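# coords please:
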Amino acid sequence: MSYESYLAISREDLLAKMAEQMSKKRLEHSLGVEAAAIRLAKRYGADETKAGLAGLLHDYAKEVSDEDFLALIDKYQLDSDLKNWGNNIWHGVVGIYKIKEDLELSDAEILHSIETHTVGSKEMSLLDKIIYVADYIEDGRDFPGVDEAREIATSSLDRAVAYETARTVAFLAQKAHPIYPQTIETYNAYISYLK
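Here you go, the predicted structure:
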């Protein structure tokens with residue numbers, strides 16, 4: 001898969017750059033999401049190159065320091081409420097600014113799918129859904145419910161988004177963690193697909 005229509009560097013050089021700034025485990029996960037995203041793109045008729053690149057880059061900023069994220073929030077004058085959250089939110093919502101800076105990626109659809117890959121959105125494009133779902137079901141994932149999520153993803157992306165969001169909300173609620181407002185919006189927008 002070549003990503004040079006979106007990036008100024010080859011996939012090989014991109015992987016080398018990613019390997020310098022993330023753990024081996026995180027890079028393996030990113031490769032797994034790339035593969036899952038391409039499979040889902042084939043199944044649902046999306047652009048496989050965009051899906052692959054978005055999948056590969058979805059966690060590009062996952063291991064960026066909190067200080068760097070806070071600086072990006074200030075630099076780009078993002079909603080100051082973001083400072084009340086943490087890496088689980090930042091690596092997508094703020095991470096896209098790191099991707100723009102480091103890789104000069106400008107494709108709005110790819111960037112949006114990366115931005116929303118952990119929190120979702122009440123209005124998700126086909127690519128948004130693919131990355132959201134691929135991140136959850138990639139082959140390296142092993143947790144209760146992942147096999148059911150994989151099965152659902154073979155027949156309906158909307159049901160897969162609903163299933164994953166419902167499980168995420170329940171998990172966070174059980175641990176008494178705050179839930180990002182956009183995640184609640186995603187839940188409300190998609191939960192009817194499980195009925």
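
# OK, contacts around the closest residue to Arg150 other than its chain neighbours?
Nearest residue to Arg150, sequence neighbours excluded (Cβ to Cβ, 6 or more residues apart in numbering): Ile137, at 4.7 Å. Using the backbone N, CA and C atoms, a C-beta is placed for each residue, glycine as well. Counting by Cβ atoms under 8 Å, 6 or more residues apart in numbering, Ile137 touches Ala36, Val146, Ala149, Arg150, Ala153, Ala160.

# Please report the distance of the fifth one from Gln21.
Note on Ala153: its distance to Gln21, by Cβ to Cβ, to the nearest Å, is 29 Å.

# Which one's more surrounded, these two?
Ala153 (25 against 15; other Cβ atoms under 10 Å).

# What segments of this protein are helices?
11-21, 24-44, 48-57, 66-75, 87-93, 95-103, 108-115, 126-137, 146-153, 157-174, 181-190 (DSSP state H).

# May I see these organised as JSON lines, with mean pLDDT and distance to Tyr3 added?
As requested, the helices of the chain are exported to JSON lines (pLDDT from 0 to 100; distance: least, Cβ to Cβ, whole Å):
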{"stretch": "helix 11-21", "mean pLDDT": "96", "distance to Tyr3": "5"}
{"stretch": "helix 24-44", "mean pLDDT": "98", "distance to Tyr3": "10"}
{"stretch": "helix 48-57", "mean pLDDT": "98", "distance to Tyr3": "5"}
{"stretch": "helix 66-75", "mean pLDDT": "98", "distance to Tyr3": "23"}
{"stretch": "helix 87-93", "mean pLDDT": "97", "distance to Tyr3": "19"}
{"stretch": "helix 95-103", "mean pLDDT": "98", "distance to Tyr3": "10"}
{"stretch": "helix 108-115", "mean pLDDT": "98", "distance to Tyr3": "10"}
{"stretch": "helix 126-137", "mean pLDDT": "98", "distance to Tyr3": "14"}
{"stretch": "helix 146-153", "mean pLDDT": "98", "distance to Tyr3": "24"}
{"stretch": "helix 157-174", "mean pLDDT": "98", "distance to Tyr3": "23"}
{"stretch": "helix 181-190", "mean pLDDT": "98", "distance to Tyr3": "27"}
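
# Could you dump the ones you listed into CSV with distance to Glu4 added?
Formatted as CSV, the helices of the chain follow (distance: least, Cβ to Cβ, whole Å):
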stretch, distance to Glu4
helix 11-21, 8
helix 24-44, 16
helix 48-57, 10
helix 66-75, 26
helix 87-93, 24
helix 95-103, 12
helix 108-115, 14
helix 126-137, 19
helix 146-153, 29
helix 157-174, 28
helix 181-190, 32
